[in-house]
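from the sequence below, what's the structure:
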Amino acid sequence: MSIRSLIFSMLFIVVVSLSGWSQTQYDSTQSTWDLNFGMDIVSRYIWRGQEYGHSPSIQPEITTSWKGFTLGAWGAYKLNGEGMQETDFYLSKTVGPVTIAVWDYWTFQDTLAMDFMDFDKKTTAHVFEIQALIEGGESIPFNFLGSYLFYGSDTTRSLYFELQYVNQFKDIDFMAFAGYSPKGNYYSSQEGFVNIGLTLSRDIKVTDTWEIPLSMSLIYNPDIKSMYLVAAISL
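Now for the predicted structure:
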């Protein structure tokens, strides 16, 4: 299948999903500003089957939302040792079950002088992505994610698709996922699955008024034959 056919397939799925869902199932018309911030602490930073940092990671985030638009800043910083760090920005829009987002991923070496404002395609450390997430909601327990890295240090313009199955068992949220890269070298040197696993999450009660979200992810990357068990808490 050509790249054009894959992109058209993604757009077709978005249109079909929008036409088949009632707006009452999702509220993306909030007319007031909403400002939030939070932080995750993870035992390992694993993203789409790739390990970054080889260390526990602290991952702060700031978001502001209005009428279905969200502007956010997200980072990943090693808790020990030298290496690559990450500061990202994104803008997303939610319409019904579909969220379209544009991400700017910027990684930098913490021991070297790096220029965040370097966007030259020959020297930049930025990677720009457009992605679409389709959520099935309560009636359809599946989500679909499509991603295209369209500019920046990934000159191979990689594609990534992920199918997710979501459910709940008593007080535990369950998500199984399978991620596939059909093009590019960002995730793998060849076409194939790069991210297969499951995530279990629940709230741990600390006091009568305070609960901490805890998650465990078992992740296997068939391309490099690596297995990870990752714990994360959110504050």
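
who's the residue most central in space within the chain bridged to?
Central residue of the chain (C-alpha atoms, centre = their mean): W47, 7.4 Å from the mean position. Beta bridges link W47 to Q50, judged by DSSP bridges.

any idea how far it is from W106?
Separation of W47 from W106 (C-beta to C-beta, to the nearest Å): 14 Å. Every residue, glycine included, has its C-beta placed from N, CA and C.

go on, G96?
Distance from G96 to W106, counting by C-beta to C-beta: 31 Å.

over to L71?
Separation of L71 from W106 (C-beta to C-beta): 16 Å.

higher neighbour count, those two?
The residue with more neighbours, out of L71 and W106, is W106; 21 against 13, by other C-beta atoms under 10 Å.

from what I can see the more buried one touches Q85, true?
No - distance between W106 and Q85: 9.3 Å, which falls outside the contact criterion (C-beta atoms under 8 Å).

where does pLDDT dip in this structure?
Regions of the chain meeting the criterion pLDDT under 70 cover residues 1-31.

helices along that one, start to end?
Remark: helices assigned in the chain by DSSP state H are 3-19.

tell me the residue furthest from the middle of it?
Each residue of the chain has a distance to the centre, and by C-alpha atoms, centre = their mean the biggest one is for D208: 31.7 Å.

residue contacts, P141?
Residues in contact with P141 (C-beta atoms under 8 Å, 6 or more residues apart in numbering) are 165-167.

which residues sit against stretch 168-186?
Contacts of stretch 168-186 (C-beta under 8 Å, 6+ apart): 1, 3, 6, 48-49, 127, 149, 154, 156-167, 187-188, 191-203.

just the buried ones from the residues you listed?
Using 16 or more other C-beta atoms under 10 Å as the burial test, the contacts of stretch 168-186 include 6, 48-49, 127, 149, 154, 158-162, 164, 166, 187-188, 193-197, 199, 201-202 as buried.

distance check, the residue lying closest to F128 once chain neighbours are set aside against A178.
Among residues not flanking F128 along the chain, Y151 sits closest, at 4.2 Å (C-beta to C-beta, 6 or more residues apart in numbering). For Y151, the distance to A178 equals 27 Å [C-beta to C-beta].

now V206. Its backbone dihedrals?
Per-residue torsions, V206: phi -100, psi -50 (degrees, to the nearest 10).

that one and I212 touch, don't they?
Yes - using C-beta under 8 Å, V206 is in contact with I212, at 5.8 Å.

of the two, who's got more company?
Counted by other C-beta under 10 Å, V206 and I212 do not tie: I212 has more neighbours, with 12 against 9.

now do the contacts for that one.
By C-beta under 8 Å, 6+ apart, the contact set of I212 is 203-204, 206, 233-235.

ditto for A125
By C-beta under 8 Å, 6+ apart, the contact set of A125 is 106-108, 114, 118, 152-153.

any quick PyMOL command for the buried ones out of those?
Selecting only the buried entries of these in PyMOL, with 16+ other C-beta under 10 Å as the criterion:
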select buried, resi 106+107+152+153
